[in-house]
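Novice: sequence plus predicted model, see below.
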Amino acid sequence: MIRKTINSERIPIKLWLDEVEEGALKQAKNLANLPFSFRHVAIMPDCHEGFGMPIGGVLATSGVIIPNAVGVDIGCGMCAIKTSLHRLEKDVLKKIVGEVKQSIPLGFNHHKQKQDYRLMPSEYNVDEMPVTAREYNSALRQIGTLGGGNHFIEFQQGSDGHIWIMIHSGSRNIGKQVADHYNRMAGKLNEQWGSPQTKTMQLAWLPVDSDEGQVYIQEMNYCIDFAFANRKHMAAKVCEILHEATSCDFPHFEGRELINIAHNYAAPEKHFGKDVFVHRKGATRAGKGQLGIIPGSQGAQSYIVRGKGSAESFESCSHGAGRVMGRKEAMRRLDLQTERRKLEEKGILHSLHAARDLDEAASCYKDIDMVMRNQDDLVDIVVELQPLAVIKG
């Protein structure tokens, strides 16, 4: 539920958490004072500071789109697949994890060979999108790769009695190239138009009806579809490995082969009677009845959820637990053996192998139970998922 409303700016800021870090609050106030921001700014319970816009932020705008309010990993999101398995023995799981690591490039690694072009989004004229056209051949080697940071492949035990697969990944380098190109373009144009402060705030904008805005929207949508295709390609490989090891099936969950949801994008929607562009940066759509995914850390549970369609959040919810500690801070403060022990005591096959992995330790993240309590007006929990094995880049 809304824990606090800040009314000191041009439009209100509505917070689904009690405390927000200073940097993220400053960014939220910047959003609230933009002349084209609509109605209010919604801050989800996993909020923390990002670039320009806080992660866990939801912003509706009238007539403009902000590349940096979408972010550099355009279309980043999650998919989840229910299996027919009811349990996985640890020795079998270890073998499966090893095969997945051999089959799917992790971190900065790409495929050595180009993948089938038919895996790529097809409903676009690539020649009309300059960045996508430039990056297309490289992207053919990146589709079906995990990436690094907080991206993961996870095997989970569901409260419904089934084993689940969850994958978190995005648009790889093509998304970053599109984001950087149009953010720079927007910054230069804003200076020409006498709005240099938006560049300083890292919130440079493009008019939706301009040539630049229209091409960005096309390229952004391509990256959203590429990110989904990337997750599907990995999911197919993981399912193949799991099937070969266990002969399991993959029954549909409520009629879906897999659940997919993005959390870095902007989309035209209608809210409070007005056509707007809703920017979700580290937030997911939670329309009434819509299935979604909210992961915890690699040491905590994740959730399949159903949206309640809350108008106040622009039909949105959190995209995860949210960080409480920056990556560099984690490397300085956390102890590897302590963090490993926390996971091993729970029987989790984790991804904390060396000190460099501490930036993704469970202690870096908020308490997912608290995050879920703070948004019980936004989503209902459908399935709770406990981690069994986690693969990271």
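Specialist: Alright, I've got the coordinates. Numbers count the residues shown, from 1 in each chain.

Novice: who's in contact with Asn260?
Specialist: Neighbouring residues of Asn260 by CB atoms under 8 Å, 6 or more residues apart in numbering: Gly77, Met78, Cys79, Phe228, Arg231, Lys232. Using the backbone N, CA and C atoms, a C-beta is placed for each residue, glycine as well.

Novice: and the next helix or strand past the helix or strand containing His233?
Specialist: Assessed by DSSP states H and E, His233 sits inside helix 211-246. Next helix or strand after helix 211-246 toward the C-terminus (DSSP H and E): strand 259-262.

Novice: show me what counts as buried in that next one.
Specialist: Within strand 259-262, the residues scored as buried using 16 or more other CB atoms under 10 Å are Ile259, Asn260, Ile261, Ala262.

Novice: for the helix or strand just after that strand, packing partners?
Specialist: Later in the chain than strand 259-262, the nearest helix or strand by DSSP H and E is strand 264-271. The contact analysis (3 or more CB pairs under 8 Å, 6 or more residues apart in numbering; DSSP states H and E) places strand 264-271 against helix 211-246, strand 274-281.

Novice: the longest one to strand 264-271, inter-axis angle?
Specialist: What that stands for is helix 211-246. Here the directions of helix 211-246 and strand 264-271 differ by 110 degrees (axes from the mean of the first three to the mean of the last three CA atoms, to 10 degrees).

Novice: and helix 211-246, average pLDDT?
Specialist: Mean pLDDT, taken over the full extent of helix 211-246, equals 98.

Novice: likewise for stretch 131-138?
Specialist: 98.

Novice: how far off centre is that stretch?
Specialist: 22 Å (CA atoms, centre = their mean, to the nearest Å).

Novice: go on, stretch 83-92?
Specialist: For stretch 83-92, the distance to the chain centre is 27 Å (CA atoms, centre = their mean).

Novice: which residue ranges of the stretch 101-250 of the chain form strands?
Specialist: 152-158, 163-169, 206-207 (DSSP state E, counting those that start in this stretch).

Novice: about what we covered before: out of the helices and strands packed on strand 264-271, which gets nearest to Ile43?
Specialist: strand 274-281 (10.9 Å; CB to CB).

Novice: sheet-wise, list the partners of that closest one with their directions.
Specialist: Using DSSP bridges, the strands paired with strand 274-281 are strand 55-61 (antiparallel), strand 264-271 (antiparallel).

Novice: out of these, deepest packed?
Specialist: strand 55-61 (a mean of 27; mean count of other CB atoms under 10 Å).

Novice: buried stuff in the longest strand along the chain?
Specialist: Longest among the strand segments of the chain by residue count, using DSSP state E, is strand 379-392. If you call a residue buried by 16+ other CB under 10 Å, then strand 379-392 has these buried ones: Val379, Val382, Val383, Glu384, Leu385, Gln386, Pro387, Leu388, Ala389, Val390, Ile391, Lys392.

Novice: same deal with stretch 6-23?
Specialist: Ile6, Glu9, Ile11, Pro12, Ile13, Lys14, Leu15, Trp16, Leu17, Val20.

Novice: just the CA coordinates for stretch 91-109, please, in CSV.
Specialist: C-alpha atoms of stretch 91-109 as CSV (Å, rounded to 0.1, in the frame of the first residue of the first chain):
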residue,chain,number,x,y,z
ASP,A,91,23.3,-35.0,-7.8
VAL,A,92,21.0,-34.8,-10.8
LEU,A,93,20.7,-31.1,-10.3
LYS,A,94,24.4,-30.6,-10.1
LYS,A,95,24.8,-32.4,-13.4
ILE,A,96,22.1,-30.3,-15.0
VAL,A,97,23.7,-27.1,-13.8
GLY,A,98,27.0,-28.1,-15.2
GLU,A,99,25.5,-28.9,-18.6
VAL,A,100,23.6,-25.5,-18.7
LYS,A,101,26.9,-23.7,-17.9
GLN,A,102,28.5,-25.5,-20.9
SER,A,103,25.6,-24.8,-23.2
ILE,A,104,24.7,-21.2,-22.5
PRO,A,105,27.3,-18.4,-22.7
LEU,A,106,27.4,-16.5,-19.4
GLY,A,107,28.7,-13.1,-18.4
PHE,A,108,30.5,-11.3,-21.3
ASN,A,109,30.6,-14.5,-23.4
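
Novice: may I see the buried residues of it?
Specialist: Leu93, Ile96, Val97, Glu99, Val100, Ile104, Pro105, Leu106.

Novice: closest one to Gln301 out of these, please.
Specialist: The closest of these, once distances to Gln301 are taken by CB to CB, is Leu93, at 17.6 Å.

Novice: other residues contacting the one helix or strand that closest one maps to?
Specialist: With elements taken from DSSP H and E, the one containing Leu93 is helix 90-103. Contact partners of helix 90-103, identified using CB under 8 Å, 6+ apart, comprise 88, 153, 155, 237-238, 241-242, 245-246, 347, 349, 388-389, 391.

Novice: buried sites along stretch 287-303?
Specialist: Applying 16+ other CB under 10 Å to stretch 287-303 flags 290-303 as buried.

Novice: most widely separated two among those residues?
Specialist: Gln290 and Gly299 (27.6 Å).

Novice: neighbours of Pro45, just the number please.
Specialist: Pro45 has 25 neighbouring residues, counting by other CB atoms under 10 Å.

Novice: find the nearest non-adjacent residue to it, please.
Specialist: Excluding its sequence neighbours, the residue lying closest to Pro45 (CB to CB, 6 or more residues apart in numbering) is Asn374, at 3.8 Å.

Novice: how about that neighbour, what does it touch?
Specialist: Applying CB under 8 Å, 6+ apart, the residues near Asn374 are Met1, Arg3, Trp16, Leu17, Asp18, Pro45.

Novice: name the nearest residue to the fourth one, ignoring sequence neighbours.
Specialist: Ranked by CB to CB, 6+ apart and with sequence neighbours excluded, the top spatial neighbour of Leu17 is Pro45, at 4.4 Å.
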